[in-house]
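S.K.: predicted structure and sequence below. I'll ask about it afterward.
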Amino acid sequence: MNIIFNIVGGIGKCIAATAVLKAIKTQYPNSKVIVFSQFPNIFKNNPNILPRGLLCHHCNRGMGALKDDPKLLRKVLKYLEK
């Protein structure tokens, strides 16, 4: 099960959210927690979150614009590497 956790606010809210994330992982130990935050580095060493589950709002919006399609992302990458 994936759990999406969107934190809207500043660094203080992100820090406070770490306790909530720990409680979520305790309740659902086999779940994958995906965190959306303007400050993803706060969660970088959090053992309750997989590193791939961290996205800043810029990356989240970009992936949304690409419809979460890996083929479109590869096309963008090719364009950028020219």
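M.R.: Great, that's in hand. Only a predicted model underlies this, so the values are computations on that prediction, with no experimental measurement involved.

S.K.: please make it C-alpha for all contacts and neighbour counts, starting now.
M.R.: Noted.

S.K.: so the nearest residue to Val33 once chain neighbours are set aside is in which element?
M.R.: Excluding the flanking residues, the one nearest Val33 by CA to CA, 6 or more residues apart in numbering is Ile3, at 4.8 Å. According to DSSP states H and E, Ile3 maps onto strand 2-6.

S.K.: distance check, Phe36 against Thr18.
M.R.: Noted for Phe36: a distance of 13 Å to Thr18, by CA to CA, to the nearest Å.

S.K.: same question but for His57, I mixed them up
M.R.: 18 Å.

S.K.: one step back: quick one: which of Phe36 and Thr18 has more around it?
M.R.: Phe36 (21 against 16; other CA atoms under 10 Å).

S.K.: return the helix or strand in this protein with minimum mean pLDDT.
M.R.: strand 54-55 (a mean of 68; mean pLDDT, DSSP states H and E).

S.K.: that strand: what's the following helix or strand?
M.R.: Using DSSP H and E, the first helix or strand after strand 54-55 is helix 57-65.

S.K.: tell me the angle that following helix makes with strand 2-6.
M.R.: 130 degrees (axes from the mean of the first three to the mean of the last three CA atoms, to 10 degrees).

S.K.: next, the buried residues of helix 57-65.
M.R.: 57, 63 (16 or more other CA atoms under 10 Å).
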